[in-house]
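[1] Predicted model and sequence below, questions to follow.
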Amino acid sequence: MTFIDRRPNSKKNIINRQRFLERAKENIRKQVRQAKNIDRSITSNDGEKIKINQRGLEEPSFRHSRKHGIFDIVAPGNDHLRGDRFRKPESGSGSGKKGSDDGEGEDDFEFSLTRDEYFDILFEDLELPNLEKKENADKVDAWVMERAGYTTTGPTNKLDLKQTYIRALGRHIALDAMFSEEERELRDELEKLLSDEELQRVRSRLEEIEEMKTNIPFLDNVDLRYRTHEQKPLPITKAVMFCAMDVSGSMGEREKEIAKVFYFFLYLFLTKRYQKVEIVFIRHTHVAQEVDENTFFYSKETGGTVVSTALELIDNIIKERYALNEWNLYVTQISDGDNYPGDNETVMDILLNRLLPVVQYYIYINITDPQEGMYFSDVLYGSPSSYGLWSVYDKITKPNFIAKQVASKQDIKYVFREIFKPKKETSND
Amino acid sequence: MTDYLWTGPDWNMDLLKKTYDAIERIALEKYKLNVYPNQIEIISAEQMLDAYTSVGLPAMYPHWSFGKHFVQQHENYSRGYSGLAYEIVINSNPCISYLMENNSMTMQALVTSHAAFGHNHFFKNNYMFKDFTDAGYIIDYVNFARNYISECERKYGVERVESFLDSCHAIKDYGIDTVKRPRKLSKGEEYNRQKEREAFIQAHINELWGNNKLQTSTEDANKFKKNFLSGRESNIMYFLEKKAPFLETWQREILRIVRKISQYFYPQMMTKVMNEGTATLYHYQIINDLYDNGLMTDGSMQEFIKSHTGVVFQPSYNDPRYTGINPYYLGFNMFQDIQRMCLNPTEEDRRFLPDIAGNPDWNSIVLDIIEDFKDEEFVLQYLSPKLIRDMRLFSMQDDRESAFVNITDIHDDEGYHNIRKRLSQSYSFTTIRPIIEIVDIDIQGSRTLYLEHRMVDHKELDLKNAAQVVEHISKLWGFGVVLTSFDPTNDRRLVVYDTDDFR
């Protein structure tokens, strides 16, 4: 009898699972594309359950149809008399399995993708950039002193005794050895010499060496070692994501779906770069309100549209809760472009003077109609009011300001390409 | 006085070994079990899932369908639908059993008795296993298979090999010689003969197809045809492996691999009730012995009883949890009933089984039964009237096209015989899977292969599945295939699928 512990060796089924995912790729992609992202919380770490049909994943075999034929079955738990008959139950209970007609019962099945797998497929499809390759655009507002080896000069309090003594010892040994060698040679020479002058020379040299050996200084300047520090930038590892959305009637489910996917990506983007990421949800009509994620996406409001209220609220929250030297700020604003005409000036003021100077990025997404969305110019827009905000935002050319028209989930990639563009190319200033 | 083998739930290697020894002593000395050497492997729950979905064989070749099963089972497991099979055991020599790392010590003892002794004994002694599998060989063979398939994937691409495997899997139940016992290969022979086989097969194929000119006389034509098919052929996989003209040698080898592995599982398919019955009976006996000898605490015993009861639980036909007759339930109860008939027979028992009623040596009788029967025969012979009553077994006739089910027999004097017969039939190979045979080839003309499905009880084939399988067979054969269904009770014949219709 032998006992074997196989637990350390547990990689195998990854292969089969991968092969299955590969095979089911098309089905899975389709499901992911159609999935209702709006139901998924931005911060959720859960896997995603998807249901795929089995096309291409069938395992056919010869088997009896359940639709036809006479089946003689023996079963336990009888509560009838011979000759009785009873009505068959609805399929799903008793002896029935799910599904009833040919090709039955195995149409769809559900399984879970991990959160990462799910997002990989979602983002791959939308051609969103790989989050791993990123530039370091972090704000630096603090410095930290870090040890940086040794120097040969410095203040006494930084003298590193150990390192110094190691060097002193080394010097001793080297000098001693050097003197001793010459001493040996001289003594040898002495043996062979006869004349007085030679003797004198050698003897006096020997005396000199004796002297020098005893006078090797314990510590010499050349031994000294001092600890040194240098200043290094300390990246701020916290980020806060402000999600501002116009929730007046014109933002329907389609718009919110697009917004959701955008937020997923931005959140993942931030979580990969910062240790801590917070989200603040601000919804507005003609007034602005901070709410929780659920309310943000699901509740409906009625009212006009005054964008500056949202920006004002964001600015206040920043001042109250997010000290600039501790937090990287990201603001995203999503709307369909409407704004109360007289408000545009206030919006510009808050943006240019209060927000843009302190945020890492301000991202504005204008969700447009698919038909309209093809053309980004003002001329082909619809009614005058619909280019209200856009015409104003479009003119801002700060390097940390991005405004994009987005007509579908596919367009989201343009926003992020902007963020990932190398710095030199960006500025139109 | 209290010399418990273990207390508490935690296990370690020492406890496992000590307990194993105690179990072995009882199994061998008291119950005279005769087992292969045991190899017990400790694994994680994930590895158990993996083993479970890779058909229960370690080192099985990879395939996307196993990934799919894994993912499905994982879903079920995560939702708590299925208690993970806590016992998987390989019919091999040495006999490999798996212990899950998160089992309690009591469970490890149960699994050891059940798998390492109960199942092990069954594998070694039952005639079906002796005839159809070479236990000393299967692990090596599966390793050979996996390596060979990996090599093919490297040479010909994963997609091509997986796609070919899809076709093999579609007909994997049709590679068994139920009549002729296959020759058993010795260890290592497989490797050596593989090269030989390649050459031999290719020569054979050339010869077979090379002479394919139009035969002038009927006699010659018949003789030529006989080279291909004499009589009806139920071993479709073997036929295609040896005679399909266009398969490459690596494809023939893979077809053979799938066939061999299927063959390995055939006896397990035919003895599920007896096998589980044996393992459950002996785990029950052995654990009770441990307890009676003061080697187990009351707490452990309670845990065991709870688990055992769960394993042999049988929902009634109208219970929403009902999915058929639980083989553990039927097997265990039948063996216990045999025990009862030996030790405490009633008049009825003496009439039903005079040979064993009243014979106090129930264990020898059970051991003999284990050797000589498979499920179909076991049920026919040993399912007693009393057990039928206890289980309230009844038979019903379900005409799929009717909205009603008829009760044809219940547990009374009239019914015992019929119920036994019907239940026994449900374990026959021809009931489990449809009878499909190759009956003709138009070898001189279109080369079409003709398959016939022989209906039993008017049961028809599932059309969608049948169509897909026939397409797979056509891929392997290289020409068209026609499948007809034949009902011998009324000579009705209908074409189920003809690949030509879709070309």
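    Received it, and whenever you're ready, just let me know what you need.
[2] secondary structure class for A:T397?
    Reducing the assignment at A:T397 to three states with DSSP: H, G, I helix; E, B strand; the rest coil gives coil.
[3] How many residues are close by it?
    Residues near A:T397, counting by other C-beta atoms under 10 Å in any protein chain shown, number 10. For every residue, glycine as well, the C-beta is placed using N, CA and C.
[4] residues from the stretch 401-503 of chain B in reach of chain A?
    Residues of the stretch 401-503 of chain B that fall close to chain A, judged by C-beta under 8 Å from any C-beta of the partner chain: B:401, B:403-412, B:414-415, B:419, B:422-423, B:425-426, B:433-434, B:436, B:453, B:455, B:457-466, B:468-469, B:472.
[5] longest single helix anywhere in chain A?
    Assignment by DSSP state H gives helix A:161-192 as the longest helix of chain A.
[6] following that one, which helix or strand shows up next?
    helix A:196-214 (DSSP states H and E).
[7] Now that next one - C-alpha only, CSV.
    Taking Å, rounded to 0.1, in the frame of the first residue of the first chain, the C-alpha atoms of helix A:196-214 are listed here in CSV:
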residue,chain,number,x,y,z
ASP,A,196,80.2,49.6,5.7
GLU,A,197,78.4,52.1,3.6
GLU,A,198,76.1,49.5,2.3
LEU,A,199,75.5,48.2,5.8
GLN,A,200,74.8,51.7,7.0
ARG,A,201,72.3,52.3,4.2
VAL,A,202,70.5,49.2,4.8
ARG,A,203,70.4,49.6,8.6
SER,A,204,69.1,53.1,8.4
ARG,A,205,66.4,52.0,6.0
LEU,A,206,65.4,49.2,8.3
GLU,A,207,65.1,51.6,11.1
GLU,A,208,62.8,53.8,9.0
ILE,A,209,60.6,51.0,8.1
GLU,A,210,60.3,50.0,11.8
GLU,A,211,59.2,53.5,12.5
MET,A,212,56.7,53.6,9.7
LYS,A,213,55.1,50.3,10.7
THR,A,214,54.4,51.5,14.2
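[8] quick one: it to helix A:161-192, angle?
    If you take axes from the mean of the first three to the mean of the last three C-alpha atoms, to 10 degrees, helix A:196-214 sits at 160 degrees to helix A:161-192.
[9] Who are the packing partners of helix A:196-214?
    Helices and strands touching helix A:196-214, as assessed by 3 or more C-beta pairs under 8 Å, 6 or more residues apart in numbering or on different chains; DSSP states H and E, comprise helix A:161-192.
[10] Any buried residues in the helix it packs on, and which?
    Neighbour-count burial for helix A:161-192, with 16 or more other C-beta atoms under 10 Å in any protein chain shown as criterion, is recorded at A:T164, A:R167, A:A168, A:R171, A:F179, A:L186.
[11] Repeat that for stretch B:380-389.
    Neighbour-count burial for stretch B:380-389 [16+ other C-beta under 10 Å]: B:L380, B:Y382, B:L383, B:S384, B:P385, B:K386, B:L387, B:I388.
[12] Show me what from the stretch 251-400 of chain A comes close to chain B.
    Counting by C-beta under 8 Å from any C-beta, the stretch 251-400 of chain A has no residue next to chain B.
[13] Can you show me the strands along the stretch 251-400 of chain A?
    Under the criterion DSSP state E, counting those that start in this stretch, the stretch 251-400 of chain A contains strands at A:276-284, A:288-291, A:327-335, A:361-367.
[14] want to throw those strands into TSV with distance to A:V392 and mean pLDDT?
    Output for the strands of the stretch 251-400 of chain A, formatted as TSV (distance: least, C-beta to C-beta, whole Å; pLDDT from 0 to 100):
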stretch	distance to A:V392	mean pLDDT
strand A:276-284	17	89
strand A:288-291	18	92
strand A:327-335	12	89
strand A:361-367	10	88
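[15] how about these, which one is nearest A:I258?
    strand A:361-367 (5.8 Å; C-beta to C-beta).
[16] relative to strand A:327-335, how tilted is the closest one?
    10 degrees.
[17] Strand A:361-367 packs against which elements?
    By 3+ C-beta pairs under 8 Å, 6+ apart, strand A:361-367 packs against helix A:253-273, strand A:327-335, helix A:388-393, strand A:401-406, helix A:412-420.
[18] And for the third one, what's in contact with it?
    Judged by C-beta atoms under 8 Å, 6 or more residues apart in numbering or on different chains, the contacts made with helix A:388-393 from elsewhere in the structure are A:307, A:335, A:337-339, A:341, A:344, A:347-348, A:364, A:366, A:378, A:381, A:403, A:405.
[19] quick one: low-confidence ranges for chain B?
    Applying pLDDT under 70 to chain B flags residues B:1-2, B:52-59, B:70, B:73-87, B:178-192, B:210-218, B:220-221, B:503.
[20] no no, the stretch 101-250 of chain A
    In the stretch 101-250 of chain A, residues with pLDDT under 70: A:101-107, A:127-143, A:193-194, A:233-236, A:249-250.
[21] Find the centremost residue of chain A, please.
    Centroid-nearest residue in chain A: A:K272, 1.9 Å away (criterion: C-alpha atoms, centre = their mean).
[22] For A:S65, see how far away it is.
    Using C-beta to C-beta, to the nearest Å, one gets 53 Å for the distance from A:K272 to A:S65.
[23] Same check on B:N326?
    Distance from B:N326 to A:S65, counting by C-beta to C-beta: 25 Å.
[24] Contact partners for the nearest residue to B:L295 once chain neighbours are set aside?
    Leaving aside its sequence neighbours, B:L295 sits nearest to B:L5 (C-beta to C-beta, 6 or more residues apart in numbering or on different chains; 4.8 Å). By C-beta under 8 Å, 6+ apart, B:L5 lies in contact with B:L15, B:K18, B:T19, B:A22, B:A109, B:L290, B:L295, B:M296.
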